[in-house]
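>>> what would the 3D arrangement of this be:
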Amino acid sequence: MMLSKPQAENKRLNRRSFLRRMGLGTLALWGAGLVGSWPQSAAAGVSPIEHVIIIVKENHTFDNYFGRFPGAEGATSGKLSTGETIPLADARDALPFDLGHSHADALKAVDGGKMDGFDLVKNGTYQGVHFGYTQYDEKSLPHYWAYAKTFTLCDHYFTSVLGPSFPNHLHTIAAQSGGGFDNPIGTLFWGCDSPPGTLMPIMTPEGKVKKVFPCFDFQTAADLLNAKKLSWKMYAPQDKTISVEAFDAIRHIRRSKQWATNVVSTRNFFQDVRRGSLPQVSWYIPEVFFSDHPPMSVSQGELDTVRLINALGKSPLWQSSAILLTWDDFGGFYDHLPPPQVDAIGLGPRVPTLVISPFAKPGFICKTQFEHSSLVKFLEVNFELGSLGQRDVQANDMTDCFDFEQKPLPPLIR
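Residues are numbered from 1 along each chain as shown. Down below sits the predicted model:
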């Protein structure tokens, strides 16, 4: 919906008034469990942002993509397990193979916060080449860097789980992974569609490791949206050889009509943008070839993301939208900043994250600590959803990346 200038002015508010309207002066009490829920209003949201698009790409650290970015907390060298410090070499557009990024690999890489074991992950060092100790620059990632220069780059955004894709994807929809810290074993079908007998390890609240079938029934941000009668979709690959939709792991969604109506092909995103029918919240999971996941081409993945952002930028929907672009896990690549430990399974290494919106702070590097649960927290705050009561309670909500009083930024068409 196109906003006139007076409407836009009335809808614009700064962070202080935004939080005041949300009743977040009570946030400390909420975190202590003394407040049952945030104040609710009949409005769909309390900011100018009416559409949030969460794009989840794959397997790169902050230093791997933005370690050379001016002003960011990056590194251009890294320490090996031998104690030697080496420069981070220029990265290839497409690696010859995937790097290890399981929970065990992540434990080796992080090494209790010393960040010196990335050469020990599977394929991290191969035939004398340290594939994990590489990085891209503006020449090799011109579009991602252009978005970072124009909008907001987050350089303290960590993965939620010290491990691979599946548990981290779950945090992007639910601020928890059911205790999961690794992918399901022996299959690329993750969730309720996993083959019978499939198991994945979880950490119980008592601190014990057990293996369970990867089909859960905990509440998600989609359930909070449903309760407020707000629209949502997940746009994801419809590949019959792999299942990467996090909602596949949520039984009450996978086994309901919502699976057909709300979890749809990536192609539908572009149709919905053209029709002006984009839901209030979208999760977009790229096709595997365009996911940036090694050994896929990073440049091809980048161009696919550009196509998506261009489509939104050319639409009237742009002026009421926020794109939150992140990567799911560290992918075996080096990062120098030790992840804070918030519980037994997280946090994990940093990943790149960009906030692209008319209300994103321009050319801003946000130093606030975020994780994938912050995506859920932002939805809860922006749409007044209440809380799932998981990691979202402690997570920062990403409003530090926005200025709702600024003159709205134009889209960056690449």
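
>>> please make it C-alpha for all contacts and neighbour counts, starting now.
OK.

>>> can I assume Ala75 is in contact with Asp63?
Yes. Between Ala75 and Asp63 there is a contact under CA atoms under 8 Å: 6.0 Å.

>>> neighbour count winner among the two?
More neighbours surround Asp63 than the other of Ala75 and Asp63, with 30 against 20 (other CA atoms under 10 Å).

>>> domains of the protein?
5-64+138-401, 66-130 (automatic domain parsing).

>>> does Asp397 touch Glu371 like I think?
No. Counting by CA under 8 Å, Asp397 does not reach Glu371; the two are 9.4 Å apart.

>>> Ala89: how many residues sit nearby?
17.

>>> got phi/psi on it?
The phi and psi values for Ala89, taken as degrees, to the nearest 10, are phi -80, psi 160.

>>> overlap in contacts, Ala75 and Asp63.
By CA atoms under 8 Å, 6 or more residues apart in numbering, Ala75 and Asp63 have these common neighbours: Asp335, His336.

>>> how about Val273, nearest residue that isn't a chain neighbour?
Nearest in space to Val273, with sequence neighbours left out and distances taken as CA to CA, 6 or more residues apart in numbering, is Leu312 at 6.5 Å.

>>> sorry, slip of the keys, the one I care about is Pro340.
Of all residues not flanking Pro340 in the chain, Leu347 sits nearest, at 5.8 Å (CA to CA, 6+ apart).

>>> thought the one you found was touching Gly163?
No. Between Leu347 and Gly163 there is no contact under CA under 8 Å: 9.2 Å.

>>> more crowded one of those two?
Gly163 (31 against 22).

>>> now do Ala43, the pLDDT please.
pLDDT for Ala43: 35.

>>> and if you look at Asp335?
On the pLDDT scale, Asp335 gets 99.

>>> without its sequence neighbours, what residue ends up closest to it?
Asp63 (5.2 Å).

>>> I'd guess the one you found is in a strand, am I close?
No. Asp63 is assigned helix when assessed by DSSP: H, G, I helix; E, B strand; the rest coil, not a strand.

>>> gap between it and Ala322?
For Asp63, the distance to Ala322 equals 24 Å [CA to CA, to the nearest Å].

>>> quick one: the helices in the chain?
Listed from the start of the chain, the chain has helices (DSSP state H) covering 5-11, 15-22, 27-31, 62-66, 103-110, 142-150, 165-174, 221-227, 251-254, 258-262, 267-275, 298-313, 372-382.

>>> would JSON lines of those with distance to Ser357 be doable?
Listed next are the helices of the chain as JSON lines, based on distance: least, CA to CA, whole Å:
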{"stretch": "helix 5-11", "distance to Ser357": "14"}
{"stretch": "helix 15-22", "distance to Ser357": "15"}
{"stretch": "helix 27-31", "distance to Ser357": "26"}
{"stretch": "helix 62-66", "distance to Ser357": "20"}
{"stretch": "helix 103-110", "distance to Ser357": "32"}
{"stretch": "helix 142-150", "distance to Ser357": "10"}
{"stretch": "helix 165-174", "distance to Ser357": "19"}
{"stretch": "helix 221-227", "distance to Ser357": "21"}
{"stretch": "helix 251-254", "distance to Ser357": "30"}
{"stretch": "helix 258-262", "distance to Ser357": "24"}
{"stretch": "helix 267-275", "distance to Ser357": "15"}
{"stretch": "helix 298-313", "distance to Ser357": "9"}
{"stretch": "helix 372-382", "distance to Ser357": "14"}
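
>>> can you put the ones you listed in JSON lines and add distance to Asp119 and mean pLDDT?
Converted to JSON lines, these look like this (distance: least, CA to CA, whole Å; pLDDT from 0 to 100):
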{"stretch": "helix 5-11", "distance to Asp119": "50", "mean pLDDT": "36"}
{"stretch": "helix 15-22", "distance to Asp119": "42", "mean pLDDT": "40"}
{"stretch": "helix 27-31", "distance to Asp119": "39", "mean pLDDT": "30"}
{"stretch": "helix 62-66", "distance to Asp119": "14", "mean pLDDT": "99"}
{"stretch": "helix 103-110", "distance to Asp119": "7", "mean pLDDT": "98"}
{"stretch": "helix 142-150", "distance to Asp119": "26", "mean pLDDT": "99"}
{"stretch": "helix 165-174", "distance to Asp119": "20", "mean pLDDT": "98"}
{"stretch": "helix 221-227", "distance to Asp119": "37", "mean pLDDT": "99"}
{"stretch": "helix 251-254", "distance to Asp119": "38", "mean pLDDT": "98"}
{"stretch": "helix 258-262", "distance to Asp119": "41", "mean pLDDT": "97"}
{"stretch": "helix 267-275", "distance to Asp119": "38", "mean pLDDT": "98"}
{"stretch": "helix 298-313", "distance to Asp119": "21", "mean pLDDT": "98"}
{"stretch": "helix 372-382", "distance to Asp119": "26", "mean pLDDT": "98"}
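
>>> go through stretch 233-244 and flag the buried ones.
Across stretch 233-244, burial judged by 16 or more other CA atoms under 10 Å covers Lys233, Met234, Tyr235, Ala236, Pro237, Gln238, Ser243, Val244.

>>> wait, I meant stretch 85-97
Neighbour-count burial for stretch 85-97 [16+ other CA under 10 Å]: Leu88, Ala89, Ala91, Asp93, Ala94.

>>> swap in stretch 98-118?
So for stretch 98-118, counting by 16+ other CA under 10 Å, buried means 98-110, 113, 115-118.

>>> fine, thanks again, bye for now.
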